[in-house]
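Asks: got a predicted model here, sequence first, then my questions.
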Amino acid sequence: MAVTSEALPSDALVAVVSGGASGIGAAAAAALAARGVRVAALDLKADEVAAPAVGIACDVSDDASVRAAVGEVAGRYGRIDIVVNNAGIAAQGDITDNDDEEWRRVLDVNVVGMVRLTRAALPYLRESPAAAIVNTCSVFASMGVRRRVLYSASKGAVHSLTLAMAADHVREGIRVNAVAPGAVDTPWIQRVLATTADPRAEREALNDRHPLGRLARPEEVGEAIAFLATEASGTTGALLAVDGGIHDLRL
Ligand code: NAD
């Protein structure tokens, strides 16, 4: 079970990171903690959250669960300055493959989950002198990728949500940005590769599709999230690619 680092200064910023038990969310939590931010990782698997982040059980598809988790963070620290909307789930297939129930399930986590957490945290962000929201989007938001229609649509919505929220809250001093990773070497990708006939060959093919010649490391995305959350004081409404050039470079 994760524990709080009591050594951090009491006036340090406080962040909530959804999906903070694994992959990109865990890396973002670590990068924020390295900057002195106190981090609460909201996840279905709260027990798997690594210190110094504190794990708090939360299902972003359940509004009561999100409100309870945010209430617990605010009760513990008295403030919330940063929201990292990162929890997301995968979906594969073309337009015929996912039924209505699957569309609702994936959009409910990937899109409405971000709305729920932001809505619950907004009163605290409005009190913060350094309020920031970072959403985990994807290169799939603006690329045509075969057999990813539902997942791509969910990430397209995350990009639009980021722009609209940035516009709504810029005058309140709340910055809203997003990261757009390509393939990142997290448990997620490892699960996807494990379902293929030849995972090693699939990984090589994936490496080759990225002009940088490899998948991103979770830490590289975590650093980009922490940068947008704590250092990019003049930036709002931006989509920061961490994709090894897959979106913009045609080699
Ligand atoms: P991951 O599976 O390693 O981690 C996701 C975490 O989210 C897990 O800890 C999981 O328990 C948690 N989670 C899932 N559903 C949840 C829910 N309903 N409520 C609370 N927590 C929940 O995945 P990852 O690769 O780190 O992906 C994180 C984000 O990055 C996702 O939004 C994903 O779409 C995005 N992304 C990933 C990649 C990639 O290649 N890995 C690329 C682009 C974007």
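Replies: Okay, I see it.

Asks: just checking the top helix by length along the chain against the ligand, any contact.
Replies: Secondary structure of the chain per DSSP state H: the longest helix is helix 149-169. No. Using C-beta under 6 Å from any ligand atom, helix 149-169 stays clear of the ligand, with a minimum separation of 6.7 Å. Yep, even glycine has a C-beta here, placed from its N, CA and C like the rest.

Asks: hmm, who's touching that helix?
Replies: Helix 149-169 has contacts (C-beta atoms under 8 Å, 6 or more residues apart in numbering) with 85, 88, 90-95, 97-98, 102-103, 106-107, 110-111, 114-115, 118, 125, 133, 135-138, 140-145, 175-178, 180, 236-237, 239.

Asks: helices or strands up against the helix or strand bottoming out on mean pLDDT in the chain?
Replies: None of the helices or strands of the chain scores lower by mean pLDDT, DSSP states H and E than helix 187-194, at a mean of 94. Judged by 3 or more C-beta pairs under 8 Å, 6 or more residues apart in numbering; DSSP states H and E, the packing partners of helix 187-194 are helix 199-209.

Asks: residues of the next helix or strand after the helix it packs on that come out buried?
Replies: Reading on from helix 199-209 to the C-terminus, the next helix or strand found by DSSP states H and E is helix 218-230. Within helix 218-230, the residues that count as buried by 16 or more other C-beta atoms under 10 Å are 218-230.

Asks: ok, now stretch 230-245?
Replies: Per 16+ other C-beta under 10 Å, stretch 230-245 contains these buried residues: T230, A232, T236, A238, L239, L240, A241, V242, D243, G244.

Asks: same question, stretch 208-217
Replies: H210, P211, L215, A216.

Asks: same deal with stretch 189-208?
Replies: Within stretch 189-208, the residues that count as buried by 16+ other C-beta under 10 Å are I189, V192, L193, E202, R203, L206.

Asks: Throw those residues into JSON lines and include distance to the ligand, thanks.
Replies: As requested, the buried residues of stretch 189-208 are arranged in JSON lines below (distance: C-beta to the nearest ligand atom, whole Å):
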{"residue": "I189", "distance to the ligand": "5"}
{"residue": "V192", "distance to the ligand": "8"}
{"residue": "L193", "distance to the ligand": "11"}
{"residue": "E202", "distance to the ligand": "13"}
{"residue": "R203", "distance to the ligand": "12"}
{"residue": "L206", "distance to the ligand": "9"}
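
Asks: would you enumerate the residues in contact with the residue of the stretch 51-200 of the chain found nearest the ligand?
Replies: Among the residues of the stretch 51-200 of the chain, G88 lies nearest to the ligand; the distance is 2.2 Å by C-beta to the nearest ligand atom. When the contact criterion is C-beta under 8 Å, 6+ apart, the partners of G88 are G19, V109, N110, G113, T136, S154.

Asks: go with 10 Å
Replies: Under the criterion of C-beta atoms under 10 Å, 6 or more residues apart in numbering, the contact list for G88 reads 18-19, 23-25, 60, 106, 109-111, 113-114, 135-138, 151, 154-155, 158, 188.

Asks: related to what we said a few turns ago, figure out how far the least confident helix or strand of the chain is from the centre of its chain.
Replies: When C-alpha coordinates are averaged (C-alpha atoms, centre = their mean, to the nearest Å), helix 187-194 and its chain have centres 18 Å apart.

Asks: got the angle between that helix and helix 199-209?
Replies: Using axes from the mean of the first three to the mean of the last three C-alpha atoms, to 10 degrees, the inter-axis angle of helix 187-194 relative to helix 199-209 is 120 degrees.

Asks: quick one: low-confidence residue ranges for this protein.
Replies: Applying pLDDT under 70 to the chain picks out residues 1-11.

Asks: at 80 what do you get?
Replies: Applying pLDDT under 80 to the chain flags the ranges 1-11, 250-251.

Asks: picking that back up, just curious, which of the buried residues of stretch 189-208 is nearest to D248?
Replies: Minimum separation from D248 among the buried residues of stretch 189-208 (C-beta to C-beta) is found for L206, which lies at 17.8 Å.
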